[in-house]
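**Q** Could you work out the structure for the sequence below:
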Amino acid sequence: MVFKLEGVYYLDRNEAVQYLMKAYALKWCMTKWENGRVKVSYENQSNKRGYYHVNAFKIKKSSKIHLSKVELDTAMQVS
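**A** Numbers count the residues shown, from 1 in each chain. Purely as a prediction, here's the structure:
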């Protein structure tokens, strides 16, 4: 379930993958834990592969970790 706190959307890992696949027309996208952060790996339509790390957030009303939509978008635009 998407949470909005102080104007920022937080998505769980599954929602983050679905969002990135649609928003950036990716062939594939996956997440995994790595060194206390979440590694997001992907391949775009031009066959360019990439990855980046984002912070994980714990929200009181959920038992899952969440990723900031702002941080995901920023990392995709830089890579």
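
**Q** contacts, neighbours, all on C-alpha from now
**A** Fine.

**Q** Could you pull up the contacting residues of the residue of the chain most remote from its centre?
**A** Most distant from the centre of the chain: Ser46, at 20.1 Å, with distances by Cα atoms, centre = their mean. By Cα atoms under 8 Å, 6 or more residues apart in numbering, Ser46 lies in contact with nothing.

**Q** got it, and Tyr9?
**A** Tyr9 is in contact with 2-3, 68-70, counting by Cα under 8 Å, 6+ apart.

**Q** would you list those in JSON lines and tack on pLDDT, secondary structure and neighbour count?
**A** Shown next, in JSON lines, are these (pLDDT from 0 to 100; DSSP: H, G, I helix; E, B strand; the rest coil; neighbours: other Cα atoms under 10 Å):
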{"residue": "Val2", "pLDDT": "87", "secondary structure": "coil", "neighbour count": "13"}
{"residue": "Phe3", "pLDDT": "87", "secondary structure": "strand", "neighbour count": "16"}
{"residue": "Ser68", "pLDDT": "96", "secondary structure": "strand", "neighbour count": "20"}
{"residue": "Lys69", "pLDDT": "96", "secondary structure": "helix", "neighbour count": "19"}
{"residue": "Val70", "pLDDT": "96", "secondary structure": "helix", "neighbour count": "11"}
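
**Q** what kind of secondary structure is the spatially most central residue of the chain in?
**A** For the chain, Ala16 is the residue whose C-alpha lies nearest the centre (Cα atoms, centre = their mean; 4.3 Å). Secondary structure assignment for Ala16 (DSSP: H, G, I helix; E, B strand; the rest coil): helix.

**Q** could you list every residue that touches the residue nearest to it when sequence neighbours are not counted?
**A** Nearest residue to Ala16 in three dimensions, chain neighbours excluded: Leu67, at 7.1 Å (Cα to Cα, 6 or more residues apart in numbering). Each residue near Leu67 by Cα under 8 Å, 6+ apart is listed here: 10-13, 16, 54-57.
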